[in-house]
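A predicted structure for the sequence below; I have some questions about it.
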Amino acid sequence: MIKIRKAEARGHFDFGWLNTYHTFSFGDYYDPSHMAFRSLRAINEDVVATGRGFPTHGHRDMEIITYIINGALEHRDSMGSGSIIRRGDAQRMSAGTGVRHSESNPSRDDPVHLLQIWIMPEREGQQPEYEEKKFPDEEKRNRLRLIVSPDGEDGAVRIHQDAKIYATVLDQGKSVNHQVGTGRHAWVQVAAGAVKINGSQLKHGDGAAISEEDQIKITAGEPSEVLLFDLA
């Protein structure tokens, strides 16, 4: 069973410095029929203007993953972490008992385009942690590259939940396949381009909740970038 979440149905706010789309209820956007999918709590597609960003604010008990599509994002937090992440980078911040951080676009020339993903942790009250890894396009080209997992296998960033995230950059006409384990579910999010998921058409910004399917086949109708979430 595949249930498509169309891009235009997402929550949307344009604050001038931030153009943001919310796949699930988030902040001032509330939709009781789209609160979460399994442990996946948020997928926010953000475009942040040059020299602007999110001032210091707090989080707790959430696994927060930032995936850069284009541009650069500067991160600073109360754990002492500070870095600039760029296209292909995946950043993980486990908020745990509480952390404060800021995020901003350091560029004077280009906006930053990113996905911010929230996954609910397996348990609350854990020690805050920070991690980032680089996953070049070459590692994702026409294959599913594991970028997030509970045990950090294959060089993925590690989260405190039984969930995995794969990324792929597909050339036109190319396909990737994913075997869904017994009792597991999947979410597919199109970061760029247009694809078919088991025959269903999705475009940039669309997502799909997938249950009771043994296999997932993703075929690109044009050059595309896709994230696949494998969820308990």
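Okay, I see it.

Please make it C-alpha for all contacts and neighbour counts, starting now.
OK.

Residue 96 looks like it's in a strand, true?
No: counting by DSSP: H, G, I helix; E, B strand; the rest coil, residue 96 is located in no strand; its state is coil.

For the chain, name the helix or strand with the lowest mean pLDDT.
Ranked by mean pLDDT, DSSP states H and E, the weakest helix or strand in the chain is strand 53-59, scoring a mean of 88.

Span of stretch 118-130 from start to end?
14 Å (C-alpha to C-alpha, to the nearest Å).

how distant is that stretch from the center of its chain?
The chain centre lies 16 Å from the centre of stretch 118-130; the measure is C-alpha atoms, centre = their mean, to the nearest Å.

just stretch 64-84 next, same as before
14 Å.

Okay, now the sheet partners of the helix or strand harbouring residue 3, with direction.
According to DSSP states H and E, residue 3 maps onto strand 2-5. If you go by DSSP bridges, strand 2-5 pairs up with strand 207-210 (antiparallel).

Please work out which residues outside the partner strand touch it.
Applying C-alpha atoms under 8 Å, 6 or more residues apart in numbering, the external contacts of strand 207-210 come out as 1-7, 23, 37, 185-190.

give me the number of residues near residue 1?
When neighbours are counted by other C-alpha atoms under 10 Å, residue 1 registers 10.

so what's it closest to, chain neighbours aside?
In space, and not counting its chain neighbours, residue 1 is closest to residue 211: 5.3 Å by C-alpha to C-alpha, 6 or more residues apart in numbering.

Surely that neighbour and residue 185 touch.
Yes: here residue 211 lies in contact with residue 185, judged by C-alpha atoms under 8 Å, at a distance of 4.9 Å.
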